[in-house]
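Chemist: sequence and predicted structure below; questions after.
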Amino acid sequence: MLSRMRTGSRPIAELAASLGLEPAEVSPYGDFAAKIELSAIDRLAGHPDGRLVCVTAMTPTKGGEGKTTTAISLVQGLARIGERPLLCIREPSLGPVFGIKGGGTGGGRSQLVPMERINLHFTGDIHAIGAANNLLAAMIESQFVHGNPLRLDPASITWRRCVDMNDRALRLITVGLGGPVNGEPRDTGFDITAASEVMAIVAVARDLADLRTRLGAITVGATVDGDPVTAEQIGAAGSMAVLLKDALKPNLVRTTEGAPALVHCGPFANIAHGNNSLVADLLGLKLADYVVTESGFGADMGFEKFVDIVCRLGGIVPTTVVLVATVQALKHHGGDPEGGIAEMERGVDNLRACLRIVRECGLDAVIAVNRFGGDTDDEIAAAVRLAEGLGVPVAVCDGFEKGGEGAVALAEAVVAVSAAPVNPGFLYELDMPIAAKIEAIATRAYGAAGIALSPEAQEQAARFERDGLGGLPVCMAKTHLSLSHDPALLGAPAGFILPVRELRAYTGAGWIVAVCGDMQTMPGLPAASAALRIDIDAAGETVGLR
């Protein structure tokens with residue numbers, strides 16, 4: 001049995017049964033995955049919750065610091081020391097898969113399997129989210145062809161289309177050309193599906209009724225008199241819910257060593273809240289003693305949103321935070337990616353700043369030095385020394401090369417820290433003005449001296465507060481490559497002013513999005529994209545996907 005688990009060959013129905021799920025709660029997708037009915041959460045309501053571990057990182061380089069690989073190896077390491085763990089993680093988006101990353105299922109001996117299916121179409125959740133988003137867009141346009149009964153002002157429409165691909169040419173488009181039969185001409189654009197409010201809604205909805213209510217509450221624009229118009233008024237919410245009813249169910253898969261994983265929802269952390277679904281977390285906490293969840297990008301991005309949005313909405317609390325550091329990131333933030341120990345010593349300022357964010361939220365951390373193949377023993381020793389100087393437990397993780405065996409020390413450190421009581425908190429209170437919430441995040445998390453709202457953002461904040469939206473949390477959209485808004489500001493920048501370009505009211509999801517600097521909600525492909533190396537060979541096998 002152990003050998004079968006370590007090769008990831010355990011049948012999915014058997015894996016589900018070992019977690020305590022009943023056959024009626026499991027809908028297999030072949031042998032590799034299964035949809036889990038949300039009724040399992042209700043049935044298990046009386047069971048005690050396991051411990052929640054959040055994996056985040058110092059500010060990453062463009063290539064990433066291996067948080068997914070670390071999270072997977074940690075789950076496998078916990079299993080090796082006799083614990084009952086489960087992984088909760090986001091679904092890969094096709095944009096990054098064919099963009100710079102080339103895959104989002106871990107690597108080496110710490111992967112989700114089958115890697116190719118999970119990286120590509122998986123169970124169709126992201127496609128369903130895109131279809132629901134674009135159905136609403138189509139029904140908005142239909143208003144203008146059929147008499148505009150809601151008296152919708154075309155200039156007020158904020159709802160955008162989405163596609164699960166990096167396509168910069170779609171950031172700004174014009175629709176409705178070709179005469180009255182084709183709609184009302186206006187400028188609009190596409191977001192990547194990961195940034196869609198529909199993705200955000202699926203990621204926080206607790207059940208079908210909550211999903212249906214949140215979809216109806218989406219604000220798409222305003223009437224000519226300035227009154228908000230919702231998806232419910234458009235008549236789209238019911239059909240959107242039907243498209244999404246299966247997408248709301250978490251997906252069960254396994255790791256290369258057979259450990260269970262719930263892979264569900266895929267919001268980016270730089271333009272969305274950056275965490276897997278709330279229902280996956282809630283279910284996982286009933287099924288396992290340790291639930292390991294990964295927040296996107298650095299501690300200033302997915303982790304801050306996990307605490308201030310997901311934990312606040314879901315009533316869940318992490319017992320431990322794993323802060324991933326790498327030799328390459330320390331050098332990068334020290335000013336020279338090709339440098340040596342001296343650059344690492346300068347780059348530790350960024351790691352210190354990210355640890356400060358964790359502590360600002362009242363939580364304890366373990367630093368995981370994630371080993372890459374090209375790291376020397378001297379560099380790893382230096383990274384450990386620098387991390388230990390920050391006064392927290394440190395463990396080297398070699399999950400890529402060794403799988404769970406390479407994460408045993410990390411697992412033991414996580415178990416030890418998780419046993420201590422926590423005193424969690426938030427960076428801001430919900431009754432603070434919108435601008436004050438943004439400033440609290442900017443100063444307490446990013447190290448900014450203050451914020452500068454554009455005239456448009458100031459007007460939007462005032463209008464949202466007049467409309468009764470002032471009590472919503474804030475989701476920041478900014479670069480993930482710096483603690484600031486400027487990707488060129490490395491290390492731990494201080495004294496900068498964070499510019500806020502615009503605010504978006506996600507009334508269905510239940511938060512305000514603050515778009516900072518020149519952040520785009522539709523990425524573009526890099527010059528050397530992963531799509532250039534992905535192909536199919538003579539035997540029909542995919543090559544170049546990782």
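Modeler: On my side now, so go ahead.
Chemist: which stretches of the stretch 301-450 of the chain form strands?
Modeler: Assigned by DSSP state E, counting those that start in this stretch, the strands in the stretch 301-450 of the chain fall at 320-325, 365-370, 394-397, 450-453.
Chemist: before we move on, what about the stretch 151-300 of the chain?
Modeler: Assigned by DSSP E, counting those that start in this stretch, the stretch 151-300 of the chain shows strands spanning 161-163, 173-175, 186-188, 190-192, 219-222, 228-230, 251-255, 260-263, 290-294.
Chemist: can you list the domains in this structure?
Modeler: Under the assignment automatic domain parsing, the domains of the chain span 2-124+247-418, 125-234, 434-516.
Chemist: quick one on the thing from earlier: so which of the strands of the stretch 151-300 of the chain comes closest to Gly108?
Modeler: Each of the strands of the stretch 151-300 of the chain has some distance to Gly108 by Cβ to Cβ; the shortest is strand 251-255, at 11.6 Å. Every C-beta, even on glycine, is put in place using the N, C-alpha and C of the backbone.
Chemist: mind listing what the closest one pairs with, with the direction of each?
Modeler: Here strand 251-255 has these sheet partners by DSSP bridges: strand 33-36 (antiparallel), strand 110-113 (antiparallel), strand 260-263 (antiparallel).
Chemist: now do that strand: distance to the chain's middle.
Modeler: 18 Å (Cα atoms, centre = their mean, to the nearest Å).
Chemist: so which residues make contact with it?
Modeler: The contact list for strand 251-255, computed with Cβ atoms under 8 Å, 6 or more residues apart in numbering, reads 8, 10, 12, 15-16, 26, 29, 32-36, 72, 75-76, 87, 91, 106, 110-113, 118, 122-123, 125, 260-264.
Chemist: buried subset of the residues you listed?
Modeler: 8, 10, 12, 15-16, 26, 29, 32-36, 72, 75-76, 87, 91, 106, 110-113, 118, 122-123, 125, 260-264 (16 or more other Cβ atoms under 10 Å).
Chemist: follow-up on the earlier one: okay if I get the strands of the stretch 151-300 of the chain as CSV plus distance to Arg463?
Modeler: CSV is the format used below for the strands of the stretch 151-300 of the chain (distance: least, Cβ to Cβ, whole Å):
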stretch, distance to Arg463
strand 161-163, 24
strand 173-175, 25
strand 186-188, 20
strand 190-192, 22
strand 219-222, 10
strand 228-230, 10
strand 251-255, 39
strand 260-263, 38
strand 290-294, 35
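Chemist: so which of the ones you listed comes closest to Leu503?
Modeler: Judging the strands of the stretch 151-300 of the chain by Cβ to Cβ, what sits closest to Leu503 is strand 219-222, at 12.4 Å.
Chemist: any idea how many residues pack against Pro11?
Modeler: For Pro11, the neighbour count with other Cβ atoms under 10 Å is 13.
Chemist: gap between it and Pro85?
Modeler: 20 Å (Cβ to Cβ, to the nearest Å).
Chemist: repeat for Leu313
Modeler: Leu313 is 24 Å from Pro85, by Cβ to Cβ.
Chemist: who has more neighbours out of the two?
Modeler: Set side by side, Leu313 and Pro85 show more neighbours around Pro85, with 28 against 16, by other Cβ under 10 Å.
Chemist: excluding its backbone neighbours, what's nearest the more buried one?
Modeler: Spatially, and ignoring its direct neighbours in sequence, Pro85 is nearest to Leu78 (3.9 Å; Cβ to Cβ, 6 or more residues apart in numbering).
Chemist: any buried residues in the helix or strand encompassing the one you found, and which?
Modeler: When elements are assigned from DSSP states H and E, Leu78 belongs to helix 67-80. Buried positions in helix 67-80, judged by neighbour count with 16+ other Cβ under 10 Å: 67-80.
Chemist: got TSV for these, with distance to Leu244 too?
Modeler: Shown next, in TSV, are those (distance: Cβ to Cβ, whole Å):
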residue	distance to Leu244
Lys67	28
Thr68	25
Thr69	30
Thr70	31
Ala71	26
Ile72	27
Ser73	32
Leu74	31
Val75	28
Gln76	32
Gly77	35
Leu78	33
Ala79	33
Arg80	37
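Chemist: list the helices and strands the lengthiest strand in the chain packs on?
Modeler: If you go by DSSP state E, the chain has its longest strand at strand 497-506. For strand 497-506, the elements it packs on are helix 434-441, strand 450-453, helix 455-466, strand 511-516, judged by 3 or more Cβ pairs under 8 Å, 6 or more residues apart in numbering; DSSP states H and E.
Chemist: what's the most buried one of these?
Modeler: Among the helices and strands packed on strand 497-506, the stretch with the highest mean neighbour count (mean count of other Cβ atoms under 10 Å) is strand 511-516, at a mean of 24.
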